[in-house]
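J.: With the sequence up front, the predicted model follows.
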Amino acid sequence: MSRPKKTGNRRKLIMKILIPTTILGISSFFIPWIIIKAWILPLPDTVEEQLEQSLNYELDGLIVYIDQGAGYPTESYAAGWHNRDQKIPAHKDALFKIASIGKLYDAAAITRLVSAGRLDLDQSLAHYFPEIADRVEFSDKISLRLMLQHRSGIPNFTDSPNFWNIEHESAQACLELILDQEADFEPDEDYAYSNTNYLLIGMLIEKTVGYSKFQFIKESILDSLMLKNTFGSLKDIDSNRLMSGYYVGIEKDLKMVDYGSMIASAEDVGIFLRALNDGSLFSKAEQEIYGSIYVYDHTGLIPGYQSFAEYYEELDLVIVLFSNTADFSGYNWNLAWITKNRIKKIVKRRN
């Protein structure tokens, strides 16, 4: 079963993600030489060589999963450190905080609920959350569909001052950061990526099913794909399996700092992404719903963890890349993004 054509919201999301890298084509004056070097070096023959090369760019550890589709075995690679302080080498089956890649799972869960008639994409935020209707501007005009597509205008709670340096006890505590603020724009008048949209979507899933969002994702998505290495939070895992995370300039290992991220292996993310893209995850009706509301690949970024889950339709190729050195400057992001694209070229060339 093939998926519908991707909607315009995918292009806008990708453009937002790629803004730092497109600068490479504008001017090298503002770009660190190491990024230019990573871009222009001769392409290695193998993925292993590319990963070793990338470690020279101050990336502590890397994990890659590759699925070329029918007729090819899947591949997994790791390089660098799983834990640099303890000198534990990176390993391909490690767990990783996947951050905003989790939005793909949320959108898939909403698709199930909409298909079952339990939610309405065109119903308003005010209807689903009457308790905060007076505290979110345009709540009567913001539909579930617009939240899914990042077209709601609701401010992004992670843009709050000093957000990443303060421990937030709950989703409600994060939501409080943007309540009573002016909207960024009127609903459906613009696009702005906002984590608040998916914070509310997660809360809505729990309101609807009566139990945790992750449990519903597990029952409705993960179990059908037999995914055993995807988890809802830090408390659900053996911490030794979790890859360490490093923020540039901070010595502390960030792996036990809880940002509320889903956690998964690269292989599990790759299997899910393949099913999402080849149509095997959904019925035809569900696929049409999903295709109308969200994208088919994603990235993730939180302190210490950056991740890429991408499907290249022209090659029928899934690549998942995890890098455990991440800050918000764009420097490490660009290096990891370049690594992913060079891996794509290696795979394409050898075939």
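T.: Alright, I've got the coordinates.
J.: And for the residue nearest to residue 121 when sequence neighbours are not counted, the neighbour number?
T.: Counting by Cβ to Cβ, 6 or more residues apart in numbering, residue 145 is the residue found nearest to residue 121 once chain neighbours are left out, at 4.2 Å. Yep, even glycine has a C-beta here, placed from its N, CA and C like the rest. Number of residues near residue 145 (other Cβ atoms under 10 Å) recorded here: 19.
J.: so what's residue 145 up against?
T.: 121-122, 292-293 (Cβ atoms under 8 Å, 6 or more residues apart in numbering).
J.: If any of the residues you listed are buried, give me the ChimeraX selection for them.
T.: Command for ChimeraX that selects the buried part of the contacts of residue 145, burial taken from 16 or more other Cβ atoms under 10 Å:
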select :121,292,293
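J.: between the contacts of residue 145, which is closest to residue 237?
T.: Nearest to residue 237 among those, counting by Cβ to Cβ, is residue 293 at 29.6 Å.
J.: correct me, but that closest one touches residue 149?
T.: Yes - here residue 293 reaches residue 149: they are 6.3 Å apart, a contact under Cβ atoms under 8 Å.
J.: Just give the number of residues close to residue 131.
T.: 7.
J.: what does residue 272 give?
T.: Residue 272 has 24 neighbouring residues, counting by other Cβ under 10 Å.
J.: Run through the residues that contact it.
T.: 104-105, 221-222, 225, 227, 230, 281.
J.: Let's see the pLDDT reported for it.
T.: At residue 272, the model reports a pLDDT of 98.
J.: Can you give me the distance of it to residue 128?
T.: Noted for residue 272: a distance of 26 Å to residue 128, by Cβ to Cβ, to the nearest Å.
J.: Quick check: closest non-adjacent residue to the residue nearest the centre of the chain.
T.: Closest residue to the average C-alpha location of the chain: residue 101 at 1.9 Å, with Cα atoms, centre = their mean. The spatially closest residue to residue 101, leaving aside those adjacent along the chain, is residue 300, at 4.4 Å (Cβ to Cβ, 6+ apart).
J.: Helix, strand or coil: sort out the one you found for me.
T.: Put simply, residue 300 is strand when judged by DSSP: H, G, I helix; E, B strand; the rest coil.
J.: Return the set of residues that bridge with it.
T.: Counting by DSSP bridges, residue 300 is bridged to residue 307.
J.: Near it, how many other residues are there?
T.: Residues near residue 300, counting by other Cβ under 10 Å, number 23.
J.: those strands in the stretch 101-250 of the chain, which residues are they?
T.: Using DSSP state E, counting those that start in this stretch, the strands of the stretch 101-250 of the chain run over 230-231.
J.: Output the below-cut-off pLDDT ranges for the stretch 151-300 of the chain.
T.: Residues of the stretch 151-300 of the chain meeting the criterion pLDDT under 70: none.
J.: can you list the contacts of residue 272 in TSV and add distance to residue 54 and neighbour count?
T.: Shown next, in TSV, are the contacts of residue 272 (distance: Cβ to Cβ, whole Å; neighbours: other Cβ atoms under 10 Å):
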residue	distance to residue 54	neighbour count
104	25	24
105	27	27
221	31	22
222	30	21
225	29	16
227	27	18
230	26	25
281	31	22
